[in-house]
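In: Quick one: sequence and predicted model below, then my questions.
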Amino acid sequence: MNLAPQTHDRGITTLTLDSPANRNALSAGLVGELSEALAGCAGDASVRAVVLTHTGNTFCAGADLTAPPEPAAFVGLMRSIVALPKPVVARVTGHVRAGGLGLLGACDISAAGPDATFALTESRLGLAPAVISLPLLPRLDPRAASRYYLTGERFDAAEAVRIGLVSLAAESADDVDKALVPVLDGLRRASPKGLAASKGLVTASVLRTFDSHAEDLIARSAALFASDEAREGMTAFLERRDPAWVL
């Protein structure tokens with residue numbers, strides 16, 4: 001199992017990524033389990049909102065290079081988060097890399113602690129942030145997207161807030177939960193139909209991006225993963241060495 005048992009508290013269901021051995025990487029198994037759990041939340045009238053969090057020091061390390069999901073399955077997971085008629089709130093106290101930023105970017109609200117770091121590392125592996133652009137590019141500051149897409153630099157929670165990736169940055173790990181108290185209280189006070197309608201307004205442009213560009217970006221992602229550069233990049237990553245192109 002890649003998810004911990006769900007917990008429920010006054011209308012809030014918490015889904016916890018629980019595969020610390022591979023840093024909660026996006027395996028085919030994790031994508032399937034999370035998609036199924038979200039579908040269950042969508043059909044459960046007792047669920048007002050969903051919190052997505054993690055065990056270990058990594059929220060999500062990106063694609064599991066040993067057992068990656070099909071790009072279409074991952075796109076389906078991100079779209080299901082955006083389209084879910086209930087808010088999804090990310091609670092992040094660890095590192096987020098590559099495809100993990102797509103998962104985070106699909107969420108409606110997010111809070112990150114001081115130990116959280118972020119990086120779009122795909123270009124360093126011979127890849128590109130292709131399918132994760134679907135939720136990210138409509139929300140990120142364009143100049144920041146250009147910088148971090150191209151360089152793969154690491155940035156912190158404060159920068160993640162500045163560029164539109166994260167909603168709230170907390171000063172300590174304990175403060176992440178404190179920061180979410182008024183957020184979750186506000187969600188509990190909202191009516192189910194009011195939440196669904198309000199979320200529909202703020203996610204409409206993101207869903208249009210999925211519907212217009214998903215097929216093309218899935219094809220681009222598949223082509224990149226099959227390339228010689230990607231094979232070298234992923235092999236170098238697993239062998240903990242620089243790829244051949246590093247100057």
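Out: Great, that's in hand. Note that the coordinates shown come from a computational prediction; the quantities given were computed from them, not determined experimentally.
In: only C-alpha atoms for contact and neighbour calcs from this point on.
Out: OK.
In: Which parts of the chain are helices?
Out: Taking DSSP state H to define them, one finds helices in the chain at 28-42, 71-83, 99-106, 133-136, 142-151, 157-162, 173-189, 192-225, 228-239.
In: Who are the packing partners of the fifth one?
Out: Going back to what we said before, that points to helix 142-151. With contacts defined as 3 or more C-alpha pairs under 8 Å, 6 or more residues apart in numbering; DSSP states H and E, helix 142-151 has no helix or strand neighbours.
In: Val50 reaches Thr16, doesn't it?
Out: No. Using C-alpha atoms under 8 Å, Val50 makes no contact with Thr16, being 10.4 Å away.
In: Tell me which of the two has more neighbours.
Out: Taking Val50 and Thr16 together and counting by other C-alpha atoms under 10 Å, Val50 has the greater number of neighbours (24 against 21).
In: Next one: Arg147 from Ala112, what distance?
Out: Noted for Arg147: a distance of 21 Å to Ala112, by C-alpha to C-alpha, to the nearest Å.
In: Which one's more surrounded, these two?
Out: A direct count of neighbours by other C-alpha under 10 Å for Arg147 and Ala112 places Ala112 higher, at 30 against 12.
In: what's near enough to touch the more buried one?
Out: Ala112 makes contacts with 91-94, 157, 166, 168-170, 176, as judged by C-alpha atoms under 8 Å, 6 or more residues apart in numbering.
In: Please apply the same query to Phe59.
Out: Contacts of Phe59 (C-alpha under 8 Å, 6+ apart): 17, 23-24, 53, 92-96, 100.
In: Which one of those residues is nearest to Gly62?
Out: Here the nearest of the contacts of Phe59 to Gly62, counting by C-alpha to C-alpha, is Gly100; it sits at 4.6 Å.
In: Please verify my assumption that that closest one contacts His54.
Out: No. Applying C-alpha under 8 Å as the test, Gly100 and His54 come out as separate, 11.6 Å apart.
In: Dump the contacts of Phe59 to a markdown table, plus distance to Ala37.
Out: As requested, the contacts of Phe59 are exported to a markdown table (distance: C-alpha to C-alpha, whole Å):
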| residue | distance to Ala37 |
| --- | --- |
| Leu17 | 11 |
| Arg23 | 20 |
| Asn24 | 16 |
| Thr53 | 13 |
| Val92 | 19 |
| Thr93 | 22 |
| Gly94 | 22 |
| His95 | 23 |
| Val96 | 21 |
| Gly100 | 18 |
